[in-house]
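J.: Here you go, sequence then predicted model.
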Amino acid sequence: MRILQVLPTLEEEASGPSYSVPRLAEALADLDHDVSLLTAGGQAVTPGGRLDFQRYPRDLGDVPILRELELSHGLQLALRREAKGADIIHANGLWTAPTLYPAWAARPAAATLVCSPRGTLSPVALARSTYRKRLFWLLAQRRAVAKASLIHATSEQEYRDVRAFGLRQPVVVIPNGIDVPDALPRRRRGGPRRLLYLGRLHPIKGLEILLQAWAQVAAEFDDWELRLVGPGEEAYVARLARLAADLRLPRVAFAGPSYGADKTGEYQSAELYVLPSLSENFGMSVAEALAHGVPVITTHRAPWSGVEARDCGWWVPGAPDPIASALRQALAKGAPALAQMGARGRDWMLANYSWQSVARSMEQAYDWILHGGAPPDERAWTPDERSWPARARADILAIDVQQL
């Protein structure tokens, strides 16, 4: 198959779509497909295998209102050119101009359009810049999404968000993959034991909740430290630091961003990982931590109930008290017990989340939408909608999407 993967931008931090979309493209290329990854702006990447990577400049980046649209005439022209020989054009994300270009290019070229929202339809995401998104939907995004023959969700929670928003195309639920290290790392010796958060320092990640939970347990576990690693806007990071000072929190480090080998080192030096997020369509850092053999505490807002079912973590409500309770249980465990939990998590990642497995599931989805027949894997496809309770529309962006 000739496949075009389109991502609005690649950020410096290789996480979320900036990690998962290029790795999916590489894994599909490794299955002998002809794959190109096209982006606007962002960082350059070194493609793996036979992946063709094309990066085009953004336009009007100095104009405040238009800058947020991430316009790129170069990307638009390239998609029109590349689409002529494509079987699949796979658009990732919503709410920017590069998420429209695949739909504009697909129909004239008779290519099939697939759309991955990548978390952009969660209630929390829709609550940000609501009026701008409402206008963008009415003017352009609705028609673009309507041209998609298949919607890809990375979790059952994201599937529910897609249906709650009103989209009625077939939905395939295929998780993101993860690169699993060849062997479990040797943990560092000496110094305090480490509780790690790694990711964007952003309000959606629930870091205020984490600091409030740490305030409840830090005095009980003076051999542990909390380490917050990742980039964030200066004003928000200062706000977190003020909260930590107001709560008189001991042993809290704001370490800034880490990438590449430094990021791997952060996981290797941690005994426990925490993601207190308010909204996650997947939660890549949970998979990364488990892949490195680190057990996890995360919230019901992240689609990781399996950490409890597989005894490799805690899945709790996103509030200070439940997180503090989980922390008490986890921090009281010895290093060998936590290591055993982490090993179970790593085995889970190897079995279910390898990129080869994810790419083969996506390959089957593409083949089905192109050629029809029975869905290739009943377990990977849309859950029975009747099993989900009706979702309150008040939580969803008030746009009529039923008339796609």
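T.: Noted; the coordinates are in hand. Residues are numbered from 1 along each chain as shown.
J.: Let's verify Ala302: helix, strand, or coil?
T.: coil (DSSP: H, G, I helix; E, B strand; the rest coil).
J.: Let me see the contact set for it.
T.: Ala302 sits next to 275, 277, 280, 283, 286, 315 when contact means CB atoms under 8 Å, 6 or more residues apart in numbering. Backbone N, C-alpha and C define where each C-beta goes, glycine included.
J.: switch the cut-off to 10 Å
T.: 155, 157, 206, 275-283, 285-286, 296, 315, 318 (CB atoms under 10 Å, 6 or more residues apart in numbering).
J.: same thing with Ala106?
T.: Counting by CB under 10 Å, 6+ apart, Ala106 makes contact with 4, 79-80, 83, 86, 88-89, 91, 112-114, 144, 147-149.
J.: Pull the most distant pair out of those residues.
T.: Arg80 and Ser149 (19.1 Å; CB to CB).
J.: for stretch 353-363, what is the average pLDDT?
T.: The average pLDDT within stretch 353-363 is 91.
J.: Next, the buried residues of it.
T.: Buried residues in stretch 353-363, defined by neighbour count with 16 or more other CB atoms under 10 Å: 353-355, 357-363.
J.: Save these as a markdown table, and put in distance to Leu198 too.
T.: Below are the buried residues of stretch 353-363 laid out as a markdown table (distance: CB to CB, whole Å):
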| residue | distance to Leu198 |
| --- | --- |
| Tyr353 | 18 |
| Ser354 | 21 |
| Trp355 | 20 |
| Ser357 | 24 |
| Val358 | 22 |
| Ala359 | 25 |
| Arg360 | 29 |
| Ser361 | 27 |
| Met362 | 26 |
| Glu363 | 31 |
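J.: which among these gets closest to Pro98?
T.: Of all those, Pro98 sits closest to Met362, with 20.3 Å by CB to CB.
J.: Where does the closest one sit: helix, strand or coil?
T.: helix.
J.: need the contact list for it.
T.: So Met362 contacts 3, 24, 27-28, 31, 33, 88, 90, 114, 116, 152, 172, 174, 177, 380 (CB under 10 Å, 6+ apart).
J.: how close does it get to Ala91?
T.: 14 Å (CB to CB, to the nearest Å).
J.: now do Val145
T.: 9 Å.
J.: For those two, list the residues in contact with both.
T.: 99-100, 103, 113, 115, 117.
J.: Adding secondary structure, write those residues out as TSV.
T.: Shown next, in TSV, are those (three-state DSSP):
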residue	secondary structure
Thr99	helix
Leu100	coil
Ala103	helix
Leu113	strand
Cys115	strand
Pro117	coil
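J.: Same list (the residues you listed) but as JSON lines, adding neighbour count.
T.: Formatted as JSON lines, these follow (neighbours: other CB atoms under 10 Å):
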{"residue": "Thr99", "neighbour count": "26"}
{"residue": "Leu100", "neighbour count": "21"}
{"residue": "Ala103", "neighbour count": "21"}
{"residue": "Leu113", "neighbour count": "26"}
{"residue": "Cys115", "neighbour count": "27"}
{"residue": "Pro117", "neighbour count": "25"}
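J.: hmm, back to that, more neighbours, Val145 and Ala91?
T.: Ala91 (30 against 24; other CB atoms under 10 Å).
J.: That one - that's part of a helix, no?
T.: No. Counting by three-state DSSP, Ala91 is not found in a helix; it is strand.
J.: Okay, and the nearest residue to it once chain neighbours are set aside sits in which element?
T.: Once flanking residues are discounted, Ala91 sits nearest to Pro102: 4.0 Å by CB to CB, 6 or more residues apart in numbering. Assigned by DSSP states H and E, Pro102 belongs to helix 101-109.
J.: Now do the contacts for the closest residue to Thr298 other than its chain neighbours.
T.: Excluding the flanking residues, the one nearest Thr298 by CB to CB, 6+ apart is Leu275, at 4.3 Å. By CB under 10 Å, 6+ apart, the residues touching Leu275 are 196-199, 205-206, 210, 283-286, 289, 296-299, 301-302, 304, 313, 318.
J.: do you know how far Leu275 is from Gly265?
T.: 19 Å.
J.: Need the CA coordinates for the helix or strand where Trp368 lies. PDB is fine.
T.: Per DSSP H and E: Trp368 is located in helix 355-371. Extracted C-alpha coordinates of helix 355-371, given in PDB (Å, rounded to 0.1, in the frame of the first residue of the first chain):
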ATOM      1  CA  TRP A 355       5.100  -1.500  17.300                       C
ATOM      2  CA  GLN A 356       5.100  -4.600  15.000                       C
ATOM      3  CA  SER A 357       1.800  -5.700  16.600                       C
ATOM      4  CA  VAL A 358       0.200  -2.300  16.400                       C
ATOM      5  CA  ALA A 359       1.400  -1.800  12.700                       C
ATOM      6  CA  ARG A 360      -0.100  -5.100  11.700                       C
ATOM      7  CA  SER A 361      -3.500  -4.100  13.300                       C
ATOM      8  CA  MET A 362      -3.400  -0.800  11.400                       C
ATOM      9  CA  GLU A 363      -2.500  -2.600   8.200                       C
ATOM     10  CA  GLN A 364      -5.500  -4.900   8.600                       C
ATOM     11  CA  ALA A 365      -7.700  -1.800   9.300                       C
ATOM     12  CA  TYR A 366      -6.500  -0.100   6.100                       C
ATOM     13  CA  ASP A 367      -7.100  -3.300   4.100                       C
ATOM     14  CA  TRP A 368     -10.600  -3.600   5.500                       C
ATOM     15  CA  ILE A 369     -11.600   0.000   4.700                       C
ATOM     16  CA  LEU A 370     -10.100  -0.400   1.200                       C
ATOM     17  CA  HIS A 371     -11.500  -3.800   0.300                       C
END
